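Student: Structure here, sequence nowhere to be found:
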Ligand SMILES: [Zn+2]
């Protein structure tokens with residue numbers, strides 16, 4: 001989930017007009033939004049990449065690239081150009097191998 005989507009969900013939560021007593025739908029909306037926000041924030045916490053290794057980048061044969069497995073979803077991630085987030089699940093990646 002992208003930060004913009006979390007912000008939008010939280011704005012809905014802020015502006016929600018809860019009935020008293022709250023309906024089951026109100027409770028589900030509030031819980032669902034909070035759960036989404038927690039999940040999105042958890043993705044921002046760096047997790048260590050598993051099985052880090054160097055691999056030859058065949059398109060740019062002079063470069064060795066780092067790759068490993070995403071700690072959350074198990075997809076192969078590379079450390080060269082894709083930044084510090086898993087392209088598949090979005091979790092923040094930490095490439096330290098100690
Ligand atoms: Zn992932």
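Tutor: The structure has been received and is ready for your questions. Every value quoted in this text rests on a predicted model; they were computed, and no experiment measured them.
Student: Report the mean per-residue pLDDT for the longest helix along the chain.
Tutor: Selection of the longest helix in the chain by residue count, based on DSSP state H, yields helix 24-43. For helix 24-43, the mean per-residue pLDDT is 86.
Student: near the ion at all, it?
Tutor: No: interface with the ion: helix 24-43 contributes nothing (C-beta under 5 Å from the ion), its closest point being 9.1 Å away. Placement of C-beta: from N, CA and C, glycine included.
Student: which helices and strands does that helix pack with?
Tutor: When contacts are defined as 3 or more C-beta pairs under 8 Å, 6 or more residues apart in numbering; DSSP states H and E, helix 24-43 packs onto helix 3-15.
Student: Straight-line length of stretch 10-26, end to end?
Tutor: Stretch 10-26 has an end-to-end distance of 14 Å (C-alpha to C-alpha, to the nearest Å).
Student: That stretch: which residues count as buried?
Tutor: For stretch 10-26, the neighbour count (16 or more other C-beta atoms under 10 Å) marks residue 13 as buried.
Student: so how far is it from its chain's centroid?
Tutor: Taking the mean of its C-alpha atoms, stretch 10-26 sits 27 Å from the chain's own mean (C-alpha atoms, centre = their mean, to the nearest Å).
Student: Going by neighbour count, list what's buried in stretch 47-60.
Tutor: For stretch 47-60, a neighbour-count test (16+ other C-beta under 10 Å) marks residue 49 as buried.
Student: got a list of contacts for it?
Tutor: Here stretch 47-60 makes contact (C-beta atoms under 8 Å, 6 or more residues apart in numbering) with 63-72, 77-80, 91-97.
Student: out of those residues, who's near the ion?
Tutor: Those of these which are also neighbours of the ion are 70, 72, as judged by C-beta under 5 Å from the ion.
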